[in-house]
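K.L.:
Sequence first, predicted model second:
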Amino acid sequence: MQTIKLTIQYDGTDFNGWQIQTKQPSSRTVQFEVEKALAVLTGEMIKVTAAGRTDAGVHARGQIISFSTGSSIPVDRYPAALNGILANDIVVVNSEHVTEDFHARYWVKEKTYVYRIMNSKFPDVFNQRYVYHIRSKLDVGQMVLAARAFEGNHDFSSFCASGSSVKSFDRRITSCKIIEEKEMVTLEITADGFLYNMVRIIAGILIEVGLRKRPPADIDRIIKAKDRKAAGHTAPPHGLTLEKVYY
């Protein structure tokens, strides 16, 4: 047996998230498509583990998965072989051997997500599947100030959607910044872990700050409240991408 680590990209638009839906087995998920392709390639029923479970509509540029196999296929052949089987909205971009005890989820040290906003009069037809279009002018300077307040160790209870089964809401955000390039406003956030819908809730609040619906000073109050009701709306999923995973 050998353990293999793959880096994959996917356009999440037409997927019902990463994880196989046991209550809706016919729904299209990234995990199901990858495991189906591996079964065709290796002849084995392989279960893969991902670094993180992205929701329906969320994309990934650097998702990491791992699995064990008894196949003799050379590790460097996996990307080309799987890409020949997978639909064109999933692409394997790298493969490597890892130690038997490697775990794509439990070994993660940090992850980076980005949330992209197109702040323009009209949407761009060529990227509207991947960015959230906002017509009203955003005050990016205020968003920059507000983003800094998220950095550090905090209880992020206010930024977790209902339905989560986590035991602790404590997370460490090492970097939270807003980058403006012409009409594109990007939230780039790196942390040791993320709660359910955490990045999208943070994005929603920063958008409210940018629209001057709340001041940057509100962020500290919301964090201290430890109550989801204290935070604003959840930004839509299509603007979010899992950018990179660090081990």
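P.N.:
Done, it's in.
K.L.:
Going by C-alpha atoms from here, please, whenever you check contacts or count neighbours.
P.N.:
Will do.
K.L.:
The residue nearest in space to the middle of the chain bridge partners, please.
P.N.:
Nearest to the centroid of the C-alpha atoms of the chain, with distances taken as C-alpha atoms, centre = their mean, sits Leu242, at 3.3 Å. The partner list for Leu242 in beta bridges (DSSP bridges) reads Ala60, Tyr113.
K.L.:
Kindly list the main-chain dihedrals of the residue in the chain sticking out farthest from the centre?
P.N.:
If you look at how far each residue of the chain sits from its centre, by C-alpha atoms, centre = their mean, the farthest one is Ser72, at 32.1 Å. Per-residue torsions, Ser72: phi -90, psi 10 (degrees, to the nearest 10).
K.L.:
and it, how far is that from Asn83?
P.N.:
Distance of Ser72 to Asn83, given as C-alpha to C-alpha, to the nearest Å: 18 Å.
K.L.:
Thr99: neighbour count?
P.N.:
Applying other C-alpha atoms under 10 Å, we find 10 residues neighbouring Thr99.
K.L.:
Please verify my assumption that it contacts Ser66.
P.N.:
No. Using C-alpha atoms under 8 Å, Thr99 makes no contact with Ser66, being 10.6 Å away.
K.L.:
just the strands in the chain please.
P.N.:
For the chain, strands defined by DSSP state E occupy the ranges 2-10, 49-50, 59-69, 90-98, 110-119, 132-134, 152-155, 170-181, 184-191, 240-246.
K.L.:
name the helices or strands packed onto the first one?
P.N.:
Using 3 or more C-alpha pairs under 8 Å, 6 or more residues apart in numbering; DSSP states H and E as the contact definition, the elements that strand 2-10 packs against are strand 59-69, strand 90-98.
K.L.:
right, and these - which one's nearest Ser158?
P.N.:
Smallest distance to Ser158 across these (C-alpha to C-alpha): 23.9 Å, for strand 59-69.
K.L.:
residues making contact with the closest one?
P.N.:
Contacting residues not belonging to strand 59-69 are listed as 1-13, 44, 46-52, 100, 102-104, 130, 238, 240-245 [C-alpha atoms under 8 Å, 6 or more residues apart in numbering].
K.L.:
out of those residues, which are buried?
P.N.:
3-13, 46-52, 102-104, 130, 238, 240-245 (16 or more other C-alpha atoms under 10 Å).
K.L.:
wait, isn't Leu6 in contact with Val91?
P.N.:
No. Assessed by C-alpha under 8 Å, Leu6 is found out of contact with Val91, at 10.3 Å.
K.L.:
follow-up on the earlier one: please tabulate the strands of the chain in JSON lines, including the columns mean pLDDT.
P.N.:
Output for the strands of the chain, formatted as JSON lines (pLDDT from 0 to 100):
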{"stretch": "strand 2-10", "mean pLDDT": "97"}
{"stretch": "strand 49-50", "mean pLDDT": "98"}
{"stretch": "strand 59-69", "mean pLDDT": "98"}
{"stretch": "strand 90-98", "mean pLDDT": "98"}
{"stretch": "strand 110-119", "mean pLDDT": "98"}
{"stretch": "strand 132-134", "mean pLDDT": "98"}
{"stretch": "strand 152-155", "mean pLDDT": "97"}
{"stretch": "strand 170-181", "mean pLDDT": "98"}
{"stretch": "strand 184-191", "mean pLDDT": "98"}
{"stretch": "strand 240-246", "mean pLDDT": "98"}
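K.L.:
Cool, thanks, talk later.
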